[in-house]
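Q: Give me a model of this one.
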Amino acid sequence: MTIIDIHAHVSAPREWHYYRSMLLGHRGDHGRGKVGVSDEQIEQALRNHLKRITDVGTDFQLISPRPNLMMHYEKPWKLVRWWMEETNNIIARQVELHPDRFAGVCGLPQSPGVSPANCIDELTRCVKELGFVGCLINPDPGEMGGDETPALGDEFWYPLYEKMVELNVPAMVHSASCQKQRETYSTHFIAEETNAIYSLVKSTVFQDFPTLKIIIPHGGGAVPYQIGRWMAGGYRGRGGLFEEAIRQMYYDTTLYTKDAIELLIKTVGPDRCLFATENPGTGSAKIPWEDRDLDDIKPLIEGIDWLSADDKAKIFEGNARQLFKLPVAAAAA
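A: Numbers count the residues shown, from 1 in each chain. Alright, predicted model coming up:
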């Protein structure tokens, strides 16, 4: 069985960060430029990343931009577009160097007040030219900066959904940074994941796009834990059953504790769960009383005794293969 981790972010060379600083410094006045980096520098940046996933038994990862560095809220929009394109190019080069370990998930040049239709060209380029297998959607590109973006159930997003269906690629709903002190980085993610699920469930998106593939990371925010609050409305006759409607989406296991992962699987079913760790990332910390890192999630799922071997195989590999239509190279891992 191939262990496929669907949620990871790029480990890029320092030159990538220098390029970002340059863009922010001159705000586009000096032109686009590019990330000048060699294959050797890319390999050096990946060294620790590859060691970490090898040590925990991950065979294959889907890598995407680091959310806290997507800078969707920056102005003018051309900076965001240039930055996202260069970031996707770095990911494509990493995939080219390690096709047996990685596949690409692209970032989109989103910005508050800019239609998602402006992201279609980059999504198409990444899928058709670079061979990427999915994309990230930031539901709040303004990062609580005062420019509120319509919720994901709104027709504002339909041009992007239409293109995703045409290209047959999934999207992971993934927030970025948060500019407001009232919410921390992590609580903003949880809130936006929760909002995304509720908005999509209460909309006609999945009726209008029956083959649309949406993944909610980190176990669906607060929904599995607080599901009873929304189930009650369905029992009062306000729409369909919430617990059934949420199964129109997929969820990843980046939760870091066994109890939370078990609750997710019990809530949405093993056929809607995909193995994910975000390793290296938020959970990359040693547990003081265990010889294990927090983001070493594989043994947690293996230790769920009520899951059948077939269900575990779906979570670790089968669901990801079906959803992302992974390239043949993934089978060789």
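Q: remind me which residues of this protein are low pLDDT?
A: 144-147, 177-185, 327-333 (pLDDT under 70).
Q: so the most centrally placed residue in the chain is in which element?
A: Taking C-alpha atoms, centre = their mean, the centroid of the chain lies closest to residue 172, which sits 4.1 Å from it. Assigned by DSSP states H and E, residue 172 belongs to strand 171-173.
Q: Who are the packing partners of the very next helix or strand once past that strand?
A: Per DSSP H and E, the first helix or strand lying C-terminal to strand 171-173 is helix 185-201. Counting contacts by 3 or more C-beta pairs under 8 Å, 6 or more residues apart in numbering; DSSP states H and E, helix 185-201 is packed against strand 171-173, strand 214-216, helix 223-235. Every C-beta, even on glycine, is put in place using the N, C-alpha and C of the backbone.
Q: Could you dump the ones you listed into JSON lines with distance to residue 2 added?
A: JSON lines is the format used below for the helices and strands packed on helix 185-201 (distance: least, C-beta to C-beta, whole Å):
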{"stretch": "strand 171-173", "distance to residue 2": "20"}
{"stretch": "strand 214-216", "distance to residue 2": "19"}
{"stretch": "helix 223-235", "distance to residue 2": "27"}
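Q: wait, which of these is closest to residue 1?
A: strand 214-216 (20.8 Å; C-beta to C-beta).
Q: How far off centre is the closest one?
A: 8 Å (C-alpha atoms, centre = their mean, to the nearest Å).
Q: Can you tell me what sits against that strand?
A: Strand 214-216 is touched from outside by 6, 134, 152, 170-173, 193, 196-197, 200, 223, 248-252, 274, 323, with contacts defined as C-beta atoms under 8 Å, 6 or more residues apart in numbering.
Q: Quickly run through the sheet partners of it, with directions.
A: strand 171-173 (parallel), strand 250-252 (parallel) (DSSP bridges).
Q: thinking again about what came up before, wouldn't the residue nearest to the centre of the chain be in contact with residue 139 here?
A: No: contact criterion C-beta atoms under 8 Å: residue 172 and residue 139 do not qualify, at 10.9 Å.
Q: So which of the helices and strands packed on helix 185-201 is the most surrounded?
A: strand 214-216 (a mean of 24; mean count of other C-beta atoms under 10 Å).
Q: still on that earlier bit, identify whichever of the strands paired with strand 214-216 lies nearest to residue 74.
A: strand 171-173 (20.9 Å).
Q: would you list every one of the helices in the stretch 1-150 of the chain?
A: For the stretch 1-150 of the chain, the helices defined by DSSP state H, counting those that start in this stretch cover 14-26, 39-55, 77-97, 120-124.
Q: Show me what counts as buried in the last one.
A: For helix 120-124, burial by neighbour count (16 or more other C-beta atoms under 10 Å) applies to 120, 122, 123.
Q: As JSON lines, the helices of the stretch 1-150 of the chain with distance to residue 289 would be great.
A: Shown next, in JSON lines, are those (distance: least, C-beta to C-beta, whole Å):
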{"stretch": "helix 14-26", "distance to residue 289": "35"}
{"stretch": "helix 39-55", "distance to residue 289": "19"}
{"stretch": "helix 77-97", "distance to residue 289": "35"}
{"stretch": "helix 120-124", "distance to residue 289": "44"}
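Q: Pairing partners for the residue nearest to the centre of the chain in the sheet, please.
A: Note on residue 172: beta-bridge partners by DSSP bridges are residue 136, residue 215.
Q: how far away is it from residue 279?
A: Taking C-beta to C-beta, to the nearest Å as the measure, residue 172 falls 16 Å from residue 279.
Q: Residue 45 too?
A: Taking C-beta to C-beta, one finds residue 45 at 15 Å from residue 279.
Q: Between these two, which is the more surrounded one?
A: residue 279 (26 against 19; other C-beta atoms under 10 Å).
Q: surely that one meets residue 54?
A: No: look at residue 279 against residue 54 with C-beta under 8 Å: they stay out of range, at 10.8 Å.
Q: closest one to residue 287 among the strands paired with strand 214-216?
A: With C-beta to C-beta, the closest approach to residue 287 among these belongs to strand 250-252: 20.6 Å.
Q: and whichever helix or strand comes after that closest one, what does it pack onto?
A: Toward the C-terminus, strand 250-252 is succeeded by helix 258-268 as the next helix or strand (DSSP H and E). Counting contacts by 3+ C-beta pairs under 8 Å, 6+ apart, helix 258-268 packs against helix 223-235, helix 298-302.
Q: burial measure for residue 129, as a count.
A: Neighbours of residue 129 under the rule other C-beta under 10 Å: 9.
Q: again, but for residue 56
A: Residue 56: 18 neighbours (other C-beta under 10 Å).
Q: Might you report the residue contacts of it?
A: Here residue 56 is in contact with 277, 279, 293, 295, 296, 298 (C-beta under 8 Å, 6+ apart).
Q: I'd guessed the third one sits against residue 284; true?
A: Yes: with contact defined as C-beta under 8 Å, residue 293 reaches residue 284; the gap is 6.2 Å.
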